[in-house]
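1. pasted the sequence and its predicted model underneath.
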Amino acid sequence: MTVRAPAKVNLHLGVGPLRPDGYHDVITVLQAVSLFDDLTATTLDPTTADPTAADPTAADPTAADPTTIDGVPSGDQDGVVVTVEVSGEGADPTARGPATTTPDVSIVPTGRDNIAVRAAHLVAEAAGITSERVHLTLTKGIPVAAGMAGGSADAAAALVAFDALWQAGLDRVALAGLAARLGSDVPFPLTGGTALGTGRGEQLTDVLATGEYHWVFALADGGLSTPAVYAEFDKLSEGRLRTGPTPADDVLAALRTGDPAQLGAALVNDLQPAALRLRPALRRVLETGRELGAVGAIVSGSGPTCAFLAAGATESVELAASLAGMGVARAVRRASGPAAGARVLEGPDGADGSGGGP
Ligand SMILES: C[C@](O)(CO)[C@H](O)COP(=O)(O)OP(=O)(O)OC[C@H]1O[C@@H](n2ccc(N)nc2=O)[C@H](O)[C@@H]1O
Ligand SMILES: Nc1ncnc2c1ncn2[C@@H]1O[C@H](COP(=O)(O)OP(=O)(O)OP(=O)(O)O)[C@@H](O)[C@H]1O
């Protein structure tokens with residue numbers, strides 16, 4: 001069973017003050033873009049050891065209660081064992097070179113703190129599955145800790161995959177409820193397209209959007225931690241009277257016209273000053289993209305990826321080539337939006353699932 005899920009870019013990210021629960025109210029407009037992670041779930045014979053698997057019982061040092069991680073069952077209480085193998089973006093570099101002692105947010109964990117594993121345990125709980133052994137292969141095209149919701153895409157893909165694999169019969173509303181328990185960004189890659197997010201970003205409504213948008217992403221070396229960027233936002237807001245998050249009217253109006261130049265001029269990210277404080281070098285990346293003709297330039301979500309909107313497909317090819325030539329980014333990727341949400345590429349029997357998905 002293989003499920004593909006998309007990355008996102010925030011076209012508007014208005015952030016309100018810190019709430020008592022540690023989150024911020026946001027008003028955000030999210031667009032899914034054609035950078036994808038593929039998740040393949042393979043049911044294993046419970047009696048066969050998997051030599052490629054990481055230790056599934058490796059403890060999460062941050063988990064005080066070993067039976068849950070952030071309120072989500074960890075799997076310790078049942079016989080559901082999920083192992084993980086990662087390739088592409090964020091695959092553990094210690095597999096290729098000397099071990100590093102510094103924790104690196106841009107490395108994808110392969111233990112039970114992988115968000116796709118946590119999603120699997122949530123579906124197991126909902127479906128009453130108590131004993132299964134599954135191996136997950138994550139083929140990551142979405143950069144990690146990059147502000148493009150790669151982990152959230154994997155979680156959404158896992159929800160869709162395990163719902164189908166274990167015949168849990170979860171409808172869209174039930175899947176979105178489990179997604180919101182895993183993270184504020186997780187409901188969006190289930191549906192994809194373009195949507196308005198409120199609350200902490202998890203409450204989604206459709207928006208009227210016309211046209212196809214051509215994006216160029218400048219990927220950075222290393223990631224940024226989302227909580228650290230929100231904390232920096234709070235520091236920068238100290239002493240300022242912040243009311244609610246800024247509304248997204250300009251972006252919503254631009255999306256109705258389908259005009260990239262209008263959308264480019266309307267892009268807003270309230271987390272951008274915080275991301276730039278933590279990564280001052282991103283200023284030059286944004287300036288370079290603008291100088292090279294991007295009609296919009298913004299830090300994607302919590303960063304450090306910079307997102308550039310091009311006037312059209314041809315312009316995006318030129319912009320990507322020029323940006324790559326300037327050497328301001330680790331890598332440059334082109335993508336278009338809106339992209340579809342999480343969908344089954346191949347069913348459990350190897351059948352093409354292109355007509356399927358939630
Ligand atoms: C920056 C965005 O990517 C924009 O879409 C999202 O707001 C982040 O969503 P996410 O990565 O799914 O974040 P979560 O896993 O829900 O929360 C991680 C941490 O980010 C901070 N956080 C997240 C969402 C939010 N509305 N307010 C916050 O302050 C909190 O410190 C929280 O503990
Ligand atoms: N399947 C996964 N893929 C990527 N990161 C994961 C995964 N599972 C857990 N993580 C952890 O989650 C952290 C955030 O990774 P992610 O790629 O989702 O960041 P992000 O794109 O900045 O998130 P967002 O845009 O939703 O704030 C990473 O530091 C990583 O250690």
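-> All right, it came through fine. Remember, it's a predicted structure, so these values are computed and weren't measured experimentally. Ligands and ions are numbered 1, 2, ... in the order given.
2. so Pro103: helix, strand or coil?
-> At Pro103 the chain is in coil, as set by DSSP: H, G, I helix; E, B strand; the rest coil.
3. average model confidence for stretch 326-344?
-> Averaged over stretch 326-344, pLDDT sits at 97.
4. just stretch 312-319 next, same as before
-> Regarding stretch 312-319, the rounded mean pLDDT is 98.
5. find the nearest non-adjacent residue to Ser336, please.
-> Excluding the flanking residues, the one nearest Ser336 by Cβ to Cβ, 6 or more residues apart in numbering is Ser34, at 5.1 Å. For the C-beta atoms, the positions are set from N, CA and C on the backbone; glycine is no exception.
6. quick one: low-confidence ranges for the stretch 1-150 of the chain?
-> 47-69, 71-78, 93-102 (pLDDT under 70).
7. all helices of it, in order?
-> 115-127, 150-165 (DSSP state H, counting those that start in this stretch).
8. can you name the residues that contact the residue in the stretch 251-358 of the chain that ligand 1 sits nearest to?
-> As assessed by Cβ to the nearest ligand atom, ligand 1 sits closest to Gly301 within the stretch 251-358 of the chain, at 3.7 Å. Going by Cβ atoms under 8 Å, 6 or more residues apart in numbering, Gly301 touches Lys8, Val9, Asn10, Leu13, Gly147, Met148, Ala149, Asp185, Thr226, Asn269, Leu271.
9. ok, which of the helices of the stretch 1-150 of the chain comes nearest Leu39?
-> Across these, Leu39 has its closest neighbour in helix 150-165 (3.9 Å, Cβ to Cβ).
10. okay, angle between the helix or strand just after the closest one and helix 150-165 too, please.
-> Per DSSP states H and E, the first helix or strand lying C-terminal to helix 150-165 is helix 172-182. Relative orientation of helix 172-182 versus helix 150-165 (axes from the mean of the first three to the mean of the last three Cα atoms, to 10 degrees): 140 degrees.
11. packing partners for the next helix-or-strand element following helix 172-182?
-> Next helix or strand after helix 172-182 toward the C-terminus (DSSP H and E): helix 187-191. If you count contacts as 3 or more Cβ pairs under 8 Å, 6 or more residues apart in numbering; DSSP states H and E, helix 187-191 packs onto strand 2-18, strand 24-43, helix 150-165, helix 172-182, strand 203-206.
12. do that again at 10 Å, thanks
-> Applying 3 or more Cβ pairs under 10 Å, 6 or more residues apart in numbering; DSSP states H and E, one finds that helix 187-191 contacts strand 2-18, strand 24-43, helix 150-165, helix 172-182, strand 194-198, strand 203-206.
13. still on that earlier bit, how much space separates the residue nearest to Ser336 from Asp154?
-> 17 Å (Cβ to Cβ, to the nearest Å).
14. next: Ile107.
-> 14 Å.
15. what's the overlap in contacts for the two?
-> Both Ile107 and Asp154 are in contact with Val86, where contact means Cβ atoms under 10 Å, 6 or more residues apart in numbering.
16. neighbour count for the two, which is higher?
-> Asp154 (31 against 17; other Cβ atoms under 10 Å).
17. now do the same for the more buried one: its pLDDT.
-> For Asp154, pLDDT reads 98.
18. please work out which of the helices and strands packed on helix 187-191 is packed deepest.
-> helix 150-165 (a mean of 29; mean count of other Cβ atoms under 10 Å).
19. what helices and strands are in contact with it?
-> Packed next to helix 150-165, using 3+ Cβ pairs under 10 Å, 6+ apart, are strand 2-18, strand 24-43, strand 79-88, helix 115-127, strand 131-140, helix 172-182, helix 187-191, strand 343-346.
20. sheet partners, orientation included, of the second one?
-> Put plainly, it is strand 24-43. Using DSSP bridges, strand 24-43 pairs in its sheet with strand 2-18 (antiparallel), strand 131-140 (antiparallel), strand 194-198 (antiparallel).
21. for the ones you listed, which one sits closest to ligand 1?
-> Nearest of those to ligand 1, taken as Cβ to the nearest ligand atom: strand 2-18 at 5.1 Å.
22. run the chain-centre distance for that closest one.
-> Distance, stretch centre to chain centre, for strand 2-18: 7 Å (Cα atoms, centre = their mean, to the nearest Å).
23. what angle do that strand and helix 115-127 make?
-> Using the same axes, to 10 degrees: strand 2-18 against helix 115-127 is 100 degrees.
24. so which bits of this structure are right by ligand 1?
-> 10, 13, 22-24, 26, 28, 149, 152, 183-185, 200-201, 226-227, 230, 301-302 (Cβ under 6 Å from any ligand atom).
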